[in-house]
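1. Below: sequence and its predicted model.
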Amino acid sequence: METGEGGGTFTPRSGTVTFDTSGTTSTVSGSTTFYNLSSTTASKAIQFTAGTTQTVTNIFTMTGASGQLISLTSTSADTAWNLQLSGTISVDYVSVQDSDASSGSAVTHDVSSSRSEDLGNNLNWGFGGGYSGEVLGTVQVLSPNGGEMLTIGATIVIDWTWTSGTNGARTQIYYSFDGGTSYTLIKDYYNGGTSEYSWTVPAVETTNGLVKITRSESTYTVSDTSNKVFTIKTSSVSTEENTTTETEGVQDADLTEESSSVVLDGTQSGRSPFNGEIEPIDAVFVGDYIRGVSYPVVYQISSTGTRRPFQNHTIFFTWQDDFSAVRTVSDATLSALTLGAPMLPKPGVVLVKIQSDPRVYAVEADEEDENRQLLRWISSEDMAQTLYGGSWAEYVIDLPPTLMGRFSSGETFLPSDQVDKTILKRRLDLVLL
């Protein structure tokens with residue numbers, strides 16, 4: 001085990017590891033077995049190395065305070081750290097993310113799980129009431145579901161639907177080349193809210209391909225397989241078909257600028273992830289704002305052609321004043337587009353924070369990565385007034401805590417810095433009417 005600066009103390013006599021130093025983040029690296037593991041320090045942050053297992057055989061105590069939650073997270077976002085409990089459990093006022101506690105006793109909360117914060121991808125932590133032991137939910141493979149002709153090296157979207165359960169469910173995606181005699185794992189992750197995955201078709205020819213989807217939580221497992229086999233083959237495009245003349249090359253070059261923003265040209269069809277029916281795939285261009293017929297989520301099309309979701313209307317309204325720019329496309333169009341990183345607030349338009357942390361930041365563009373942005377800390381209220389005026393607090397919005405890992409750290413503001421206040425939007429300007 002390894003702890004960060006001032007991270008914790010170990011008391012051999014009682015067999016207790018206590019994280020008691022405030023103001024620092026402690027890191028536990030490697031799989032460790034504790035007799036007692038404890039922290040009662042408000043706002044304490046503890047990170048566990050992704051993929052490791054922490055075993056507590058006697059007493060597990062994590063108790064923060066109202067508004068000062070103890071943070072328990074993975075060192076790698078979306079990759080679980082495992083917790084195995086078998087003794088007494090005392091938990092209250094915690095903030096948890098990417099924790100799989102399904103191999104041991106269920107985590108119980110001293111008063112109510114509503115006093116803690118579920119940041120997602122957690123199993124067996126008792127958030128939302130948990131399960132009573134019955135099998136809940138279903139899963140159904142939509143595509144590829146049989147009869148398809150897939151090309152080696154092509155990227156396709158594996159689609160499925162599911163019912164009940166939670167967004168923290170474990171999802172496992174498999175493929176078979178031998179009609180189901182054996183399966184190979186494609187993806188294993190705790191992201192049960194999704195229903196599609198972009199898959200690069202492997203370099204193995206077969207006429208007996210299948211896909212299987214498994215969803216599981218602490219008390220149930222459900223799975224489904226393609227109804228019929230599909231075919232995987234090499235590309236049949238000949239050298240002659242790929243050959244262009246010098247004149248054709250010049251013509252293509254003239255069209256490059258015109259066609260560079262086209263992501264989907266509207267000439268294809270695909271299967272709807274909502275009802276499994278074949279329907280047209282609409283034309284889509286870089287910069288478009290779209291939503292599906294059957295799904296309310298709004299996306300922006302990135303420069304690389306991915307669809308980036310807005311997690312709420314507040315973030316959307318930092319980019320647009322209303323929904324008039326949003327175009328409704330077929331559900332099959334969504335499946336034809338790779339899911340990208342979540343959209344972040346438009347740089348310069350608002351100030352941001354999260355509810356459990358009073359620090360306020362300005363948002364600036366990250367010129368090296370369109371999927372990320374920079375956070376510049378505003379170190380004091382006096383600094384905020386100097387930069388943004390006496391009404392600075394009206395520009396502050398709360399972000400979902402899961403988005404904070406999408407930002408990089410920028411430079412802290414200095415009193416001499418200047419900001420563009422003409423593009424700012426007040427919090428009330430971002431309300432859905």
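-> Right, received. Where do you want to start?

2. how many other residues sit next to Ser39?
-> 22 (other CB atoms under 10 Å). Every residue, glycine included, has its C-beta placed from N, CA and C.

3. Can you show me the strands along the stretch 1-150 of the chain?
-> Here the stretch 1-150 of the chain has its strands, by DSSP state E, counting those that start in this stretch, at 9-11, 16-18, 25-28, 32-39, 45-48, 53-63, 70-74, 81-85, 88-92, 94-96, 99-100, 117-118, 138-143, 149-151.

4. so can I have CSV of the ones you listed showing distance to Val157 and mean pLDDT?
-> Putting those into CSV (distance: least, CB to CB, whole Å; pLDDT from 0 to 100) gives the following:
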stretch, distance to Val157, mean pLDDT
strand 9-11, 49, 40
strand 16-18, 45, 88
strand 25-28, 37, 90
strand 32-39, 40, 89
strand 45-48, 33, 93
strand 53-63, 33, 90
strand 70-74, 27, 93
strand 81-85, 30, 91
strand 88-92, 39, 86
strand 94-96, 31, 91
strand 99-100, 27, 89
strand 117-118, 29, 82
strand 138-143, 7, 85
strand 149-151, 11, 84
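
5. For the ones you listed, could you give me JSON lines that also reports distance to Pro309?
-> Shown next, in JSON lines, are these (distance: least, CB to CB, whole Å):
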{"stretch": "strand 9-11", "distance to Pro309": "43"}
{"stretch": "strand 16-18", "distance to Pro309": "40"}
{"stretch": "strand 25-28", "distance to Pro309": "29"}
{"stretch": "strand 32-39", "distance to Pro309": "34"}
{"stretch": "strand 45-48", "distance to Pro309": "27"}
{"stretch": "strand 53-63", "distance to Pro309": "32"}
{"stretch": "strand 70-74", "distance to Pro309": "22"}
{"stretch": "strand 81-85", "distance to Pro309": "26"}
{"stretch": "strand 88-92", "distance to Pro309": "31"}
{"stretch": "strand 94-96", "distance to Pro309": "23"}
{"stretch": "strand 99-100", "distance to Pro309": "24"}
{"stretch": "strand 117-118", "distance to Pro309": "20"}
{"stretch": "strand 138-143", "distance to Pro309": "20"}
{"stretch": "strand 149-151", "distance to Pro309": "27"}
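
6. closest one to Thr314 among these?
-> Comparing those against Thr314 with CB to CB, the closest turns out to be strand 117-118 (18.7 Å).

7. Ile46 and Ser71 touch, don't they?
-> Yes: using CB atoms under 8 Å, Ile46 makes contact with Ser71 at a distance of 6.8 Å.

8. shared neighbours of these two, which are they?
-> Here Ile46 and Ser71 have no joint contacts, going by CB atoms under 8 Å, 6 or more residues apart in numbering.

9. how about the residue positioned nearest the centre of the chain, what does it touch?
-> Nearest to the mean C-alpha position of the chain, by CA atoms, centre = their mean, lies Asp78 at 6.7 Å. By CB under 8 Å, 6+ apart, the contact list for Asp78 reads 98, 121, 189-191.

10. if I look at it, how far off is Leu334?
-> 21 Å (CB to CB, to the nearest Å).
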